[in-house]
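In: Fold the following for me, if possible:
(one chain, ligands or ions: 2)
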Amino acid sequence: MEELITRAARDIVKAKRIVAITGAGMSVESGIATFRGQGGLWEKYDPEEYGHIYTLRTAPEKAWIMLREMEREIIKAKPNPGHHALADLEKMGYLSCIITQNVDGLHHEAGNREIIEFHGNMREVVCMQCGKRLKITEISIEDSPPRCTCKGAFKPDAVFFGEAIPPLALSRSQQESRSCGAMLVIGTSAVVTPAAYMPRIASSAGATLIEINPEETELTPLCNYLIKGPSGKILPLIVDKIKNDLANLSV
Ligand code: NAD
Ligand code: ZN
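Out: Numbering: from 1, shown residues only. Ligands and ions are numbered 1, 2, ... in the order given. The predicted structure is shown next:
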């Protein structure tokens, strides 16, 4: 493990321009469960039904049964040491951007600035009738469904099943993936496309892929190495190594 931490620190320093792609695992230590894991929401709800834009438009009170549970967790959550480590990496000038599949806004809260939110953000809601935008803390999520003063139902500002990835997020992610020297693949099972294509784009452009996950994933064979463990523990170790040992790593 010690050896892999040093290897990652060295690869980051050497690559200079790195990109991190993050998934639900990144926020597990902030108290937000993954969808697919044990006790995850997808054991209770069929995502393609409850999380489909058609359900939200035609039966918002039904979609909000699942959304409310997610929002309760997101409102309470705070960035964990893994989020803070990525914020440090950006401040130190190594991290070009984060491509995140998460909708919890925790990278923003940790202080990162260059964030591509592939699936939007559930910390804001938009009225489906008049377009009014509010913070999640400004509405009553216990209402079924939460409604705007114009009586329209609110939609979390996230990408639902049946909706396209915002085109700018997609094109910027592709460009960042093509041009980075190393990519950190953190806490994602890498089965949701097109986000899952980004490590493949980076790899075929010659980037070093460093995976951080307690489990192997479909991407593991593509990655140069896997550092097995929770990101809230591994990322601070890598950043500390860079901070304390930079002179030795650069040679
Ligand atoms: P996923 O649920 O499919 O996979 C999560 C991955 O995280 C797994 O590979 C698991 O082994 C790993 N993991 C578990 N604990 C970890 C830890 N402590 N540190 C590092 N890794 C850990 O998640 P996904 O690939 O991101 O895809 C699910 C979709 O659901 C995404 O589109 C995402 O937007 C959404 N989602 C978001 C949140 C959030 O915003 N926090 C939470 C759940 C799901
Ligand atoms: Zn409205």
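
In: so where do the helices sit in this structure?
Out: Under the criterion DSSP state H, helices of the chain are mapped to 2-15, 41-44, 47-50, 53-58, 60-76, 81-91, 106-110, 167-179, 197-204, 231-250.

In: CA atoms only: put the last one into CSV for me.
Out: Think helix 231-250. What follows is the C-alpha trace of helix 231-250 in CSV, where atoms were taken according to Å, rounded to 0.1, in the frame of the first residue of the first chain:
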residue,chain,number,x,y,z
SER,A,231,-11.1,7.4,-0.9
GLY,A,232,-11.4,9.3,2.3
LYS,A,233,-8.3,7.6,3.6
ILE,A,234,-6.3,7.1,0.4
LEU,A,235,-6.5,10.6,-1.1
PRO,A,236,-5.2,12.4,1.9
LEU,A,237,-2.3,9.9,2.1
ILE,A,238,-1.4,10.7,-1.5
VAL,A,239,-1.6,14.5,-1.0
ASP,A,240,0.4,14.3,2.2
LYS,A,241,3.1,12.4,0.4
ILE,A,242,3.3,15.1,-2.4
LYS,A,243,3.4,17.9,0.2
ASN,A,244,6.0,16.2,2.4
ASP,A,245,8.2,14.5,-0.1
LEU,A,246,8.0,16.7,-3.3
ALA,A,247,11.7,17.1,-3.7
ASN,A,248,12.2,13.3,-3.8
LEU,A,249,9.2,12.6,-6.0
SER,A,250,10.2,15.0,-8.7
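
In: that older thread, and of the helices of the chain, who's closest to ligand 2?
Out: helix 60-76 (12.6 Å; CB to the ion). The C-beta positions use only the backbone N, C-alpha and C, and glycine is treated the same way.

In: Can you pull the residues of the stretch 1-150 of the chain lying near ligand 2?
Out: By the rule CB under 5 Å from the ion, the part of the stretch 1-150 of the chain lying against ligand 2 is 127, 129-130, 132, 148, 150.

In: what's near enough to touch Ile18?
Out: Taking CB atoms under 8 Å, 6 or more residues apart in numbering as the criterion, Ile18 is in contact with 12, 89, 94-96, 180-184.

In: Now do it against Gly162, distance only.
Out: With the distance defined as CB to CB, to the nearest Å, Ile18 ends up 33 Å from Gly162.

In: again with Lys62
Out: The spacing between Lys62 and Gly162, counted by CB to CB, is 15 Å.

In: who has more neighbours, these two?
Out: Neighbour tally, Lys62 and Gly162, criterion other CB atoms under 10 Å: the higher count belongs to Lys62, 16 against 13.

In: State the pLDDT value of the more buried one.
Out: The pLDDT attached to Lys62 in the predicted structure is 96.

In: what's the nearest residue to it if we skip its chain neighbours?
Out: In this structure, Lys62 finds its nearest non-sequential neighbour in Thr55, 5.8 Å apart by CB to CB, 6 or more residues apart in numbering.

In: Noted, bye for now.
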